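Engineer: I'll drop the sequence and a predicted model, then ask my questions.
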Amino acid sequence: MTSILIIDDEPGIRHTLGSILEDEKYRVFTAEDALAGIEILGREKISLIFLDVLLPRLGGIEALERIKKNWPQIETVVISGHANVDMAVRAVKLGAFDFLEKPLSLDKVLTVCRNALTVQKLRKENRELKKNIPDLRKELIGSSSAMEQVRALIKQAATSDARILITGENGTGKELAAQAIHRGSARADGPFVELNCASIPDTLLESELFGHERGAFTDAVAGRRGRFELAAGGTLFLDEIGDMSLAAQSKVLRAIQEQQIERLGGEKTINVDVRILAATNRDLEKECEAGRFRQDLFFRLNVIPIHMPSLRERTGDVPLLLGTFLKELGGKEPAFDESALEFLDSYPWPGNVRELKNLAERIAVMWTGERISGKDLSELLQKNPGAGKKIQKNTEGAGQNPLPGDILNLSYNKAKDLFEKSYLAYQIARNNGVVSRTAEAIGMYPSNLHAKLRKYKILHSGDERMER
């Protein structure tokens, strides 16, 4: 589990920020000053730090210098209720990932947190994985003809510098395919930078893509590079590009055509050498016909199309994948009888590989028998499985029927509230209690979802805005 350290002398900030991060399934440590925080760093594996500037005993800037000297791999986000441009610039020069001004916006906190951890992950992956061309049979598991065709196409396309559009349903492994293309390319020594276009609010998307200069908008107290610059010499993966607004599509098209960008609020033209990979679960040709996606951008991206097959199209692969996931989890792999194998091949798998991974986790945690049948698998896939000796509780209300039987006998307002509460409880449980993932899955902003979850007491988190 990813661990985050909050260093702030205000108990309210520690509690509120900590609650929100815990809702996102992070392990949170808190410290009331920098010296206490440094003690925690000495004994715990921390991935990200939120560091206040004005602290007793040891100031935030001095603490940042010490942290970057001793733990350079840890990303640090500096926060302050007394914003000062010079201080922000100094913090960024010392290696801070970003500088946030209080009161803290919930969406901004979650976006910066996600971006910082993504950059950290990318740096680690690039160090470990860029040396060798991947074994696609290990990266993209399956012996079906559909997967054989995908692997052959990836191997052939990876060596070129052509743009690739990866299509397929949610959970089919589009990101894995993009990573395999990058590692098999001449750009493997460069960075692989990902941006999920569906998870970034439209107001922040342009800054995420192209970066910004100091003063470009209210919170821009220091300049920052965007994803195009971060991916220079490597690959930029635009996931869920079908969710990008038309305005952003126009600017991405220009950047692809000219291989040049301008930071938000800047006048300098910056040359960027990046390979573009894009992915979507939408039919972009239909989106173009409906006027929701630019046809010229579609043609630019769709130089080499790769379709990731759903599990329904991968006959025989499901048992192999399930066995692989169970081995990775380190649990005992039960024997599957004939009815179980028939069930695995006939079940529609609407969530594809992600749903199959969830099943593997349930088996590893809950199943205690030697053999498993099709009926057992069916029960394990239900919202409230009764098999096994151990059930992992994710959230209050998890496993409730999303459409209660007596709903038609209630007043409109009561029925609406009951449905909404049951629906959100089901969705949050389905996504293992992770609020941002649930918000993305149901098409809701994380801040709005947090408010609903607090309203119905499904999760308990902090306020949407946090003030000192």
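Structural biologist: Here it is on my side, so go on. Residues are numbered from 1 along each chain as shown.
Engineer: helices and strands around the longest helix belonging to the chain, which ones?
Structural biologist: Ranked by number of residues, the top helix in the chain under DSSP state H is helix 106-129. On a contact count with 3 or more Cβ pairs under 8 Å, 6 or more residues apart in numbering; DSSP states H and E, helix 106-129 meets helix 11-23, strand 48-52, strand 75-80, strand 98-101, strand 192-196, helix 202-210, helix 446-455. All C-beta atoms are positioned from the backbone trio N, CA, C, and that covers glycine.
Engineer: So which of these is nearest Thr218?
Structural biologist: Thr218 sits nearest to strand 98-101 of all the helices and strands packed on helix 106-129, at 8.3 Å, using Cβ to Cβ.
Engineer: and the closest one, average pLDDT?
Structural biologist: What strand 98-101 shows for mean pLDDT is 87.
Engineer: thinking again about what came up before, tell me the gap between the longest helix of the chain and the middle of its chain.
Structural biologist: Remark: helix 106-129 is offset 9 Å from the chain centroid, using Cα atoms, centre = their mean, to the nearest Å.
Engineer: How about stretch 17-28?
Structural biologist: Per Cα atoms, centre = their mean, the centroid offset for stretch 17-28 relative to its chain is 15 Å.
Engineer: Could you do stretch 199-211 as well?
Structural biologist: 15 Å.
Engineer: Over it, what's the mean pLDDT, rounded is fine.
Structural biologist: 85.
Engineer: got the buried residues for it?
Structural biologist: For stretch 199-211, burial by neighbour count (16 or more other Cβ atoms under 10 Å) applies to 199-200, 204-211.
Engineer: Contacts only, for His307.
Structural biologist: 150, 166-168 (Cβ atoms under 8 Å, 6 or more residues apart in numbering).
Engineer: hang on, I meant Ala247
Structural biologist: Listed by Cβ under 8 Å, 6+ apart, the contact set of Ala247 reads Asp202.
Engineer: Distance of it relative to Arg354?
Structural biologist: Distance, Ala247 to Arg354, by Cβ to Cβ, to the nearest Å: 31 Å.
Engineer: do Ser80 as well
Structural biologist: 39 Å.
Engineer: which of the two has more neighbours?
Structural biologist: Ser80 (20 against 15; other Cβ atoms under 10 Å).
Engineer: hang on, isn't that one packed against Leu51?
Structural biologist: No: applying Cβ atoms under 8 Å as the test, Ser80 and Leu51 come out as separate, 9.4 Å apart.
Engineer: which residues do those two both contact?
Structural biologist: Taking Cβ under 8 Å, 6+ apart as the criterion, Ser80 and Leu51 both touch Gly60.
Engineer: Let me see the backbone angles for Asn352.
Structural biologist: Here is the backbone geometry of Asn352 (degrees, to the nearest 10): phi 50, psi -140.
Engineer: give the contact list for the closest residue to it other than its chain neighbours.
Structural biologist: Leaving aside its sequence neighbours, Asn352 sits nearest to Gly171 (Cβ to Cβ, 6 or more residues apart in numbering; 3.4 Å). Gly171 is in contact with 351-355, counting by Cβ under 8 Å, 6+ apart.
Engineer: so where's the stretch 201-350 of the chain uncertain?
Structural biologist: Filtered on pLDDT under 70, the stretch 201-350 of the chain yields the residue ranges 331-332.
Engineer: and the nearest residue to Ala216 once chain neighbours are set aside, how many neighbours?
Structural biologist: Among residues not flanking Ala216 along the chain, Gly265 sits closest, at 2.6 Å (Cβ to Cβ, 6+ apart). Neighbours of Gly265 under the rule other Cβ under 10 Å: 15.
Engineer: and what of Ser339?
Structural biologist: Ser339: 15 surrounding residues under other Cβ under 10 Å.
Engineer: just Met244 next, same as before
Structural biologist: 26.
Engineer: ok, it to Asp202 distance?
Structural biologist: Relative to Asp202, and taking Cβ to Cβ, Met244 is found at 9 Å.
Engineer: do the same with Ser250
Structural biologist: Taking Cβ to Cβ, one finds Ser250 at 13 Å from Asp202.
Engineer: same check, this time on Asp23
Structural biologist: 23 Å.
Engineer: Quick one: classify Ala278 as helix, strand or coil.
Structural biologist: Following DSSP: H, G, I helix; E, B strand; the rest coil, Ala278 is assigned to strand.
Engineer: I'd guessed it sits against Leu238; true?
Structural biologist: Yes: Ala278 is in contact with Leu238 according to Cβ under 8 Å; the separation is 4.5 Å.
Engineer: Can you pick out the residue with more neighbours from those two?
Structural biologist: Ala278 (28 against 23).
Engineer: Outline the domain layout of the protein.
Structural biologist: 3-122, 136-309, 312-380, 407-466 (automatic domain parsing).
Engineer: How far off centre is the shortest one?
Structural biologist: What that stands for is domain 407-466. Relative to its chain's centre, domain 407-466 lies at 19 Å (Cα atoms, centre = their mean).
Engineer: Could you do stretch 350-366 as well?
Structural biologist: Put simply, stretch 350-366 sits 18 Å off its chain's centre (Cα atoms, centre = their mean).
Engineer: Outside of stretch 80-97 itself, list whatever touches it.
Structural biologist: Contact with stretch 80-97 is made by 51-54, 60-61, 64-65, 68, 72, 75-78, 98-103, 112, 115-116, 119, 214, 221-224, 467-468, as judged by Cβ under 8 Å, 6+ apart.
Engineer: Pull the contacting residues for the nearest residue to Pro191 once chain neighbours are set aside.
Structural biologist: Excluding the flanking residues, the one nearest Pro191 by Cβ to Cβ, 6+ apart is Gly234, at 4.0 Å. When contacts are counted by Cβ under 8 Å, 6+ apart, Gly234 touches 182, 187, 189-193, 274-275.
Engineer: make it 7 Å
Structural biologist: 187, 190-193, 274 (Cβ atoms under 7 Å, 6 or more residues apart in numbering).
Engineer: cool, Met147 as well?
Structural biologist: By Cβ under 7 Å, 6+ apart, the neighbours of Met147 are 140, 309, 314, 317.
Engineer: do the same with Met308
Structural biologist: 150, 166, 168, 172-174, 177.
Engineer: how about stretch 80-93: buried residues?
Structural biologist: For stretch 80-93, burial by neighbour count (16+ other Cβ under 10 Å) applies to 80-81, 83, 87-88, 90-92.
Engineer: could I get the residues you listed as a markdown table with secondary structure and distance to Leu301?
Structural biologist: Formatted as a markdown table, the buried residues of stretch 80-93 follow (DSSP: H, G, I helix; E, B strand; the rest coil; distance: Cβ to Cβ, whole Å):
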| residue | secondary structure | distance to Leu301 |
| --- | --- | --- |
| Ser80 | strand | 40 |
| Gly81 | coil | 43 |
| Ala83 | coil | 39 |
| Met87 | helix | 41 |
| Ala88 | helix | 36 |
| Arg90 | helix | 40 |
| Ala91 | helix | 37 |
| Val92 | helix | 33 |
